[in-house]
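Participant: Fold the stuff below for me.
(2 chains)
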Amino acid sequence: MGACLKPLSETSLMPGTSAIRFENLTIGYERHPAIHHMSAEIPAGALVAVAGPNGAGKSTLLKGIAGELRPLDGHIHLPEHGRAGLAYMPQRNDLDSSFPISVFDMASMGLWREIGAFGGIDRARRRRVFDALDAVGLTGFASRTIGSLSGGQLQRARFARLILQNAPLILLDEPFAAIDARTVDDLMRLILRWHAEGRTTLVVVHDFGQVRRHFPTCLLLARELVAFGPTADVMTEPLLARAQRLSEAFDEHADECPVPGTA
Amino acid sequence: MSLYDFIIAPFADFGFMRRGLAGTLALALGATPMGTFLLLRRMSLMGEAMSHAILPGAALGYLVSGLSLGAMTAGGLAAGLTVVFAAGLVARTSNLKEDASLAAFYLLSLAAGVMIVSLSGRNLDLLRVLFGSVLALDDASLLLIAAIATLSLFGLALLLRPLTLECFDPAFLRAVSRTSPLAHYGFLLLTVLNLVSGFHALGTLMAVGIMILPAASARLWTRGLPAMLALGSGLAFLGGAAGLLLSFHVDVPAGPAIILVCGFIYFVSLAAAPGGLLASRLPVHRHLSS
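Facilitator: Modelled structure (predicted):
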């Protein structure tokens, strides 16, 4: 394990200050773990880059937190309001962009937890939807259909919806994949603003330069937790090399994992 | 022949034409919105499959109590729901996608239906089952179709928001609420109900026609969901009324006439509408400044 990883026993966080706690978490598909025996604690309000090679288990970890995938072993502890206070933006975009719906209607669905299936969008909420569209740089796009948006604009619209979800815990799975530099800059500014507002944010990022520039904390994964801590301590050559090595081994016919000791 | 004689008189003079018109109005209001969502979910062909799945139930109902509205409706409903929910269950719990499992179930259902029809040895009015009887709707059938249309409109009003999300961003709906299965199965239930009511008027083979054809035409003209739903129902009613008149004046079966007129509207839309064939071939308007 990396030097900067705090084992659970040593964490002395006060109750209520941790946003997510992984306890000996093993999570994966068809009994093959994508992440093995991971323990870590993410403090509330942290802005965390989740980094690692392809197949390291980054998306799997986010799916686990969002509740889309059940752990094979161990636990993920969320704060009391749990998944109700969670906004998750998956990587695979299975949004049907040919659907006849306007940008306004699409973004306003971020209000779902407030308005549910029947609640109306009153004047104040309309205002908030327009504000969110302004914040992502889609001013004037409200009545366009989502089919007329470019890839970057559609991603901005998804961010507007995230803003309206107003969640204390935000999970973004590769939000910058196939997005141009200017859009990345704009969206990164939004993420930094959420950080300033005290929201806990986990972002899967591939660009190490970006991780170093913007993210105070980094969680380096390679089918197990390689390191978690301040970005400068995590994004080091030895740890990155170790992550690369670890992620390469995947045994199709692996034996059952021995039952871990009581340690 | 004056315009009045051509368009109004058949309905003014003949009760069966008025009943047919009322039936098609109910179908346009109930079934076509379901077709709109089938279309948007890329399930148009699955609607066809579902409608065939209804056959064995209706045939069994006929075997048990003859040409009885109640028995055939209950049988058709039971068979349709069984197939749809079994297929949904298989799709959600196995490796098979929904279309594959639905195809398997509906083929079995259709085969069973044909076998039941042939086993009966009685003179089942197969034409009536296959092509419906829009010009011979009695009070009970008309009430049934109207009741299903009413139920569909209320059901759709309740499901509209979750169903819209389920169609265009299901992952997001599952993340924010637990209504995803409700939207999915509620929609399938309403679809089967409307297929049963369409089956009485237009028969199992053509019930899907009045769902999908007007919806597809409306998709070509409109850019928003509310407009698409409204125009779809409008075009379905137009097709229904025109089809009845065609059948009256040319003396052809009404069911196929209605579907053919809906098809004609579809081809006109395909040619002329902004989303159709001609629009993409024509020289473009001067583009906007931003």
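Participant: Spatially nearest residue to the residue of the stretch 101-250 of chain B found nearest chain A, not counting backbone neighbours?
Facilitator: Closest residue of the stretch 101-250 of chain B to chain A, C-beta to the nearest C-beta: B:F168 (3.6 Å). Using the backbone N, CA and C atoms, a C-beta is placed for each residue, glycine as well. Closest residue in space to B:F168, ignoring its immediate chain neighbours: A:F99 at 3.6 Å, by C-beta to C-beta, 6 or more residues apart in numbering or on different chains.
Participant: One more: B:K97?
Facilitator: Residue nearest to B:K97 in three dimensions, not counting chain neighbours: B:A91, with 6.1 Å by C-beta to C-beta, 6+ apart.
Participant: which parts of chain A sit against chain B?
Facilitator: Chain A comes close to chain B at residues A:66, A:68, A:87-88, A:90, A:92, A:94-96, A:99-102, A:106, A:109, A:112-113, A:116-118, A:145, A:161, A:165, as judged by C-beta under 8 Å from any C-beta of the partner chain.
Participant: unless I'm mixing things up, the residue nearest to B:F168 is touching B:R42, no?
Facilitator: No - judged on C-beta atoms under 8 Å, A:F99 makes no contact with B:R42 at a distance of 10.6 Å.
Participant: what about these two, which has more around it?
Facilitator: Applying other C-beta atoms under 10 Å in any protein chain shown to A:F99 and B:R42 shows that A:F99 carries more neighbours, namely 18 against 12.
Participant: Point me to the helix or strand that includes that one.
Facilitator: A:F99 is part of no helix or strand when elements are defined by DSSP states H and E.
Participant: Quick check on it: phi, psi?
Facilitator: Backbone torsions of A:F99, given as degrees, to the nearest 10, read phi -70, psi 130.
Participant: From A:G198, how far out is the closest residue to A:P216 other than its chain neighbours?
Facilitator: Residue nearest to A:P216 in three dimensions, not counting chain neighbours: A:L47, with 5.7 Å by C-beta to C-beta, 6+ apart. Separation of A:L47 from A:G198 (C-beta to C-beta, to the nearest Å) stands at 10 Å.
Participant: Between those two, which is the more surrounded one?
Facilitator: Set side by side, A:L47 and A:G198 show more neighbours around A:L47, with 21 against 9, by other C-beta under 10 Å.
Participant: mind checking pLDDT for that one?
Facilitator: The confidence metric pLDDT takes the value 94 at A:L47.
Participant: Which residue does chain A have closest to chain B?
Facilitator: Closest point on chain A to chain B, by C-beta to the nearest C-beta, is A:F99, at 3.6 Å.
Participant: Centre-most residue in the chain?
Facilitator: Since you didn't name a chain, this refers to chain A. With distances taken as C-alpha atoms, centre = their mean, A:L171 lies nearest the centre of chain A, 2.5 Å away.
Participant: Hmm, no, I was thinking of chain B.
Facilitator: For chain B, B:M211 is the residue whose C-alpha lies nearest the centre (C-alpha atoms, centre = their mean; 3.3 Å).
Participant: pLDDT weak spots in the stretch 101-250 of chain B?
Facilitator: B:120-130 (pLDDT under 70).
Participant: circling back: contacting residues around the residue nearest to B:K97?
Facilitator: Residues in contact with B:A91 (C-beta atoms under 8 Å, 6 or more residues apart in numbering or on different chains) are B:97-98, B:101-102.
Participant: cutoff 10 Å now
Facilitator: The contact partners of B:A91, by C-beta atoms under 10 Å, 6 or more residues apart in numbering or on different chains, come to B:97-102.
Participant: Over to B:L135?
Facilitator: For B:L135, the contact set (C-beta under 10 Å, 6+ apart) comprises B:14, B:16-17, B:19-20, B:23, B:201, B:244, B:247-248, B:253-255.
Participant: that's a strand at it, yeah?
Facilitator: No - according to DSSP: H, G, I helix; E, B strand; the rest coil, B:L135 belongs to no strand; its state is helix.
Participant: Relative to B:A254, how far out is it?
Facilitator: For B:L135, the distance to B:A254 (C-beta to C-beta) stands at 5 Å.
Participant: packing partners for the strand or helix carrying B:H249?
Facilitator: Applying DSSP H and E as the criterion places B:H249 in helix B:225-250. Using 3 or more C-beta pairs under 10 Å, 6 or more residues apart in numbering or on different chains; DSSP states H and E as the contact definition, the elements that helix B:225-250 packs against are helix B:9-13, helix B:15-40, helix B:139-168, helix B:180-202, helix B:209-221, helix B:254-272.
Participant: List the buried residues of that helix.
Facilitator: For helix B:225-250, burial by neighbour count (16 or more other C-beta atoms under 10 Å in any protein chain shown) applies to B:225, B:228-233, B:235-248.
Participant: ok, B:L235 touching B:I212?
Facilitator: No - judged on C-beta atoms under 10 Å, B:L235 makes no contact with B:I212 at a distance of 11.6 Å.
Participant: would you list every one of the helices in the stretch 101-250 of chain A?
Facilitator: Using DSSP state H, counting those that start in this stretch, the helices of the stretch 101-250 of chain A run over A:103-108, A:112-115, A:123-135, A:151-165, A:181-196, A:208-214, A:231-234, A:237-248.
Participant: Tell me where chain A is predicted with low confidence.
Facilitator: A:1-16, A:80-81, A:92-93, A:249-256, A:258-263.
Participant: can we see that at 80?
Facilitator: Within chain A, the segments meeting pLDDT under 80 span A:1-18, A:30-31, A:79-84, A:91-94, A:247-263.
Participant: Look at residue 17 and say how many residues are nearby.
Facilitator: Went with chain A since none was named. Quick note: A:T17 (other C-beta under 10 Å) scores 12 neighbours.
Participant: um, chain B though
Facilitator: 21.
Participant: correct me, but it touches B:I7?
Facilitator: No - using C-beta under 10 Å, B:M17 is not in contact with B:I7, being 11.2 Å away.
Participant: joint contacts of those two?
Facilitator: Common neighbours of B:M17 and B:I7, using C-beta under 10 Å, 6+ apart, are B:241, B:245.
Participant: can I have stretch B:145-157 written out in PDB, keeping just the CAs?
Facilitator: Extracted in PDB, the C-alpha atoms of stretch B:145-157 (Å, rounded to 0.1, in the frame of the first residue of the first chain):
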ATOM      1  CA  ILE B 145     -63.000   0.900 -26.400                       C
ATOM      2  CA  ALA B 146     -64.000   4.200 -24.900                       C
ATOM      3  CA  ALA B 147     -63.300   3.000 -21.400                       C
ATOM      4  CA  ILE B 148     -59.800   1.900 -22.400                       C
ATOM      5  CA  ALA B 149     -59.100   5.200 -24.100                       C
ATOM      6  CA  THR B 150     -60.200   7.100 -21.000                       C
ATOM      7  CA  LEU B 151     -58.000   4.900 -18.800                       C
ATOM      8  CA  SER B 152     -55.100   5.300 -21.100                       C
ATOM      9  CA  LEU B 153     -55.300   9.100 -21.100                       C
ATOM     10  CA  PHE B 154     -55.400   9.200 -17.300                       C
ATOM     11  CA  GLY B 155     -52.700   6.600 -17.000                       C
ATOM     12  CA  LEU B 156     -50.500   8.500 -19.500                       C
ATOM     13  CA  ALA B 157     -51.000  11.700 -17.600                       C
END
